[in-house]
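S.K.: Just need the structure, nothing else, for what follows:
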Amino acid sequence: MRHILSRTLAALAATVVVSLLLPVAPASAHGQLATSTPLTGTVVREPLTQLGLYFTEKPASNAHFTVTGPDGSRVDNGWSFGEPKRLDKPVQEYSMVNGVFEPRLYHTGFPAMVTVAHWPAKGRYTASYLSVASDGEAVRGNVTFDYQGPSTPAPAGWVVPTAGPDATLLAQAEGEGSASPGATGGPADATGAPASDPAGATEAQRDGGFPAWLVPALIVVVVSAIVLVAARRRPAARGAVSASRRPIGRAGKAAEARKVANAARKPGNRAGGRARGGRR
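M.R.: Next comes the predicted model:
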């Protein structure tokens, strides 16, 4: 029983490991962040006047951007569209076409230039963004970096911004409104090109829409079948061992019977025989 339990636990652990190693189904959203200036996780040593967030398509005109300092207060002062630039490394995104994820490479980044009013202190800064892509999916995230440059004063008459995303953007991001390309800024001038053999697209996805969830399901079924077969073979093996021991026991009994018979045939021990007398 312990062996069966250990085998079952090992099989389940193997199933979990394999499931974690399997590629996750790609997201279908467009317009995701491709790169930024500065990059997330880097150290900035000079007081930048603007941060550049580059997306795979033009951000929505009502997109919302904020920059917060180490103490949590905002230091952003509005944003504007920048000049598109060619990405150093193309970004691959997926879209659902007839139930199949189709890969697409994007070579151009469309920036949102976020103005930084001042740098009050050294520490971690976070640039947050919220937009809606041309397919209606929300585009949101953060870029964090460490500022180790000199402190700069706030401009004269500057007021800390407190406004959040407008109601239309929030409704679109939550899927409550229609997000047409015209309303969201659209993928104007996008230079996406179909990928010839993109990394991350499985052979089944390229050849015919093999469902990604079916692979772990098949693995679970196979592992369960192996466990059941192992559990059934265990009693049979015990029976075989017992059967193999029976001939040995019978042979021992036969040997004992022969010993008794031989002892009975010895002279003087025969039933009804006369005892030999002594010498005259």
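S.K.: buried ones in stretch 126-134?
M.R.: Neighbour-count burial for stretch 126-134, with 16 or more other CB atoms under 10 Å as criterion, is recorded at 127-134. (C-beta placed from N, C-alpha, C; glycine too.)
S.K.: Those in strands, which ones?
M.R.: Counted as lying in strands by DSSP state E, out of the buried residues of stretch 126-134, are 127-132.
S.K.: ok so, going back, which among the buried residues of stretch 126-134 gets closest to residue 155?
M.R.: Sorting the buried residues of stretch 126-134 by how near they are to residue 155, with CB to CB, puts residue 127 at the top with 19.0 Å.
S.K.: Distance of the nearest residue to that closest one once chain neighbours are set aside relative to residue 73?
M.R.: For residue 127, the nearest residue in space outside its immediate sequence neighbours is residue 143; the separation is 4.5 Å by CB to CB, 6 or more residues apart in numbering. According to CB to CB, to the nearest Å, residue 143 stands 18 Å off from residue 73.
S.K.: Can you pick out the residue with more neighbours from the two?
M.R.: For residue 143 and residue 73, the more surrounded residue by other CB atoms under 10 Å is residue 143, and the numbers stand at 23 against 12.
S.K.: A strand includes the more buried one, no?
M.R.: Yes: counting by DSSP: H, G, I helix; E, B strand; the rest coil, residue 143 is found in a strand.
S.K.: Any stretches of the stretch 151-280 of the chain with poor pLDDT?
M.R.: Within the stretch 151-280 of the chain, the stretches falling below the threshold (pLDDT under 70) are 176-218, 220-225, 227-257, 259-280.
S.K.: Show me which strand runs longest in this protein.
M.R.: Ranking each strand of the chain by length (DSSP E) puts strand 100-116 first.
S.K.: That one pairs with which strands, parallel or anti?
M.R.: Strands flanking strand 100-116 in the sheet, each with its direction: strand 50-55 (antiparallel), strand 76-81 (antiparallel), strand 85-97 (antiparallel), strand 193-194 (antiparallel) (DSSP bridges).
S.K.: which one of those is the most hemmed in?
M.R.: Mean neighbour counts were compared across the strands paired with strand 100-116 using mean count of other CB atoms under 10 Å; the top stretch is strand 50-55, at a mean of 22.
S.K.: that older thread, export the buried residues of stretch 126-134 to TSV and append columns for distance to residue 121 and pLDDT.
M.R.: What follows is the buried residues of stretch 126-134, written out as TSV (distance: CB to CB, whole Å; pLDDT from 0 to 100):
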residue	distance to residue 121	pLDDT
127	16	98
128	19	97
129	23	97
130	26	96
131	29	96
132	33	93
133	35	91
134	39	87
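S.K.: quick one: which of those residues is nearest residue 163?
M.R.: Sorting the buried residues of stretch 126-134 by how near they are to residue 163, with CB to CB, puts residue 130 at the top with 12.5 Å.
S.K.: tell me the contacts of that closest one?
M.R.: Going by CB atoms under 8 Å, 6 or more residues apart in numbering, residue 130 touches 63-65, 138-140, 165, 169, 173.
S.K.: hmm, try it at 7 Å
M.R.: For residue 130, the set of contacting residues under the criterion of CB atoms under 7 Å, 6 or more residues apart in numbering consists of 63-64, 140, 165, 169, 173.
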